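S.K.: Here is my input, please return the structure:
(one chain, ligands or ions: 1)
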Amino acid sequence: MINVFQPSLGQDEIDAVAEVISSNWIGRGPKTKLFEEKLAQRFEVSIKNITTVSCCTNGLFEILRLLDLSSTDEVVLPSISFVGAANAAKATGAKVVFADVDKVSLNITRETLEKVVSLNTKAVILIHYGGVPAEMDEIAKVCSARGITLIEDNACSPFSQYKETNTGTLADFGVWSFDSMKILCCGDGGLIYAKDSNHIEALRASLYLGINSQSGMAEVEGKTRWWEFDVPTLGDRHIMNDISSAIGLVQLAKIDQFLQKRKKIHDEYTLRLKDLPLGLPPQIEQHSKSSYYLYWIFSDQRDELAAWLKEDGIYTTFRYYPLHDISIYGSHTECPITEKISDTCLCLPLHQSITTEEQEHIVSSIERFYNV
Ligand SMILES: *Cc1c(COP(=O)(O)O)cnc(C)c1O
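M.R.: Coordinates of the predicted model:
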């Protein structure tokens, strides 16, 4: 079966993990610190504005907790969004409101956002669907005019750019995922960006038990009892360790190669599928860059096509299953465009390990479905 997603891990990552194990320090330590430094460099931000986190979902939970929302407040998400983001919003006790999305990009727009924001809206958590940046200038205008905190769930756009700035660093907060299905994979892991470095300071404490010392090995200057600590505020425990960070460092060094390969597969799909009776993903704007996380098509015979491809050894899926109809979120927003998308959209296999032969097999199977 050809997978939709697949990590690219091999001997380099195995060697890096072996090195960490041999070092006898597998918890959070030098590798995690170095990983944070390299990520800050790559995203062109200060180390003071980022911290690693155990996963993107935990990052979203932590950020929303900082906002101290009440039951009259509202958090807006795209209807097509990851379940973890909606859970994080719902867990605050605030009302979860879903915004409809653009019919081609599957991103929220100024227009769909303006339809659902109210005086009670305190936060918006958007995604850049499949890696394609949302119209951030327009969306940021809506949010800043109303004092709404804007959060980028950057899990599917980890290396995208909008007007030459890295997505994830465009808003008040950004969160990355390095889980097993993502472009840069550590097993599990993530990154949080905050525009205000005070927020990162607060998060660093709450991500590690609320303790105001760094780790068991950290030097505590001038203390004879170095095991003492204080807990100024309660915290949870959502940190990365040196095993996952060591994998991340190797992956980060290969990331441009990964992105190039993804772009090649993406462009080949567009070239080969453009004359079929299908809808294709949007063109990437001149000033932007995609991470090419997903390749999606729209077909009126979507379910039949998915079954046909599966029969041919090709796994496909639809991300992200719409949330506005899931009862636990208690939302009553109508999202007609999302309804249509969820009946027609299909994500084709896109990962670094797809071979030319495999892509040929996928394309020709689609052609045969349409009798071409
Ligand atoms: C994968 C994903 C997440 C969750 O990431 P984890 O690190 O697994 O918590 C969140 N949002 C989006 C858009 C994702 O694709």
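
S.K.: Longest strand in the protein, by number of residues?
M.R.: strand 121-127 (DSSP state E).

S.K.: Who are the packing partners of it?
M.R.: Judged by 3 or more C-beta pairs under 8 Å, 6 or more residues apart in numbering; DSSP states H and E, the packing partners of strand 121-127 are strand 74-78, helix 83-91, helix 136-145, strand 149-153. For every residue, glycine as well, the C-beta is placed using N, CA and C.

S.K.: residues in contact with that strand?
M.R.: 60, 64, 67, 69, 73-78, 80-82, 85, 88-89, 94, 97, 107-108, 113, 117, 134, 139, 143, 146, 148-157, 320 (C-beta atoms under 8 Å, 6 or more residues apart in numbering).

S.K.: partners of it in the sheet?
M.R.: Strand 121-127 sits in its sheet next to strand 74-78 (parallel), strand 149-153 (parallel), going by DSSP bridges.

S.K.: Flag every buried residue along it.
M.R.: T121, K122, A123, V124, I125, L126, I127 (16 or more other C-beta atoms under 10 Å).

S.K.: and if you look at stretch 63-81?
M.R.: 63-65, 67, 69, 73-81.

S.K.: first vs last residue of that stretch, how far apart are they?
M.R.: 17 Å (C-alpha to C-alpha, to the nearest Å).

S.K.: Please apply the same query to stretch 76-91.
M.R.: 14 Å.

S.K.: just checking: which of the buried residues of strand 121-127 also lie near the ligand?
M.R.: Among the buried residues of strand 121-127, the residues lying close to the ligand (C-beta under 6 Å from any ligand atom) are I127.

S.K.: Just the closest of the buried residues of strand 121-127 to the ligand, please.
M.R.: I127 (4.7 Å; C-beta to the nearest ligand atom).

S.K.: quick one: pLDDT of the residue of the stretch 251-372 of the chain found nearest the ligand?
M.R.: With C-beta to the nearest ligand atom as the measure, Y320 is the residue of the stretch 251-372 of the chain nearest to the ligand, at 6.5 Å. The confidence metric pLDDT takes the value 95 at Y320.

S.K.: Same question for the one 5 residues further on.
M.R.: As summarised for this prediction, D325 has a pLDDT of 88.

S.K.: my read is it is in a strand, agree?
M.R.: No - looking at D325 with DSSP: H, G, I helix; E, B strand; the rest coil, it is coil, so not inside a strand.

S.K.: what bits of the chain have low per-residue confidence?
M.R.: The chain contains residues with pLDDT under 70 at 213-221.

S.K.: ok, which stretches of the protein are strands?
M.R.: Counting by DSSP E, the chain has strands at residues 50-53, 74-78, 95-99, 121-127, 149-153, 161-162, 165-166, 173-177, 190-194, 295-298, 345-348.

S.K.: Would you mind finding the most buried of those?
M.R.: Among these, the stretch with the highest mean neighbour count (mean count of other C-beta atoms under 10 Å) is strand 173-177, at a mean of 29.

S.K.: what's the burial count for K195?
M.R.: 16 (other C-beta atoms under 10 Å).

S.K.: my bad, I255
M.R.: Neighbour tally, I255, other C-beta under 10 Å: 15.

S.K.: just checking, it touches F159?
M.R.: Yes - here I255 reaches F159: they are 6.3 Å apart, a contact under C-beta atoms under 8 Å.

S.K.: list the residues that contact both of these two?
M.R.: With C-beta under 8 Å, 6+ apart, I255 and F159 have common neighbours I183, L184.

S.K.: In JSON lines: the helices and strands packed on strand 121-127, plus distance to E268.
M.R.: As requested, the helices and strands packed on strand 121-127 are exported to JSON lines (distance: least, C-beta to C-beta, whole Å):
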{"stretch": "strand 74-78", "distance to E268": "28"}
{"stretch": "helix 83-91", "distance to E268": "31"}
{"stretch": "helix 136-145", "distance to E268": "28"}
{"stretch": "strand 149-153", "distance to E268": "28"}
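
S.K.: Return the residues in contact with the residue nearest to the spatial centre of the chain.
M.R.: Most central in the chain under C-alpha atoms, centre = their mean is A155, positioned 0.8 Å from the mean C-alpha point. For A155, the contact set (C-beta under 8 Å, 6+ apart) comprises C56, F82, I127, V175, W176, S177, K182, G190.
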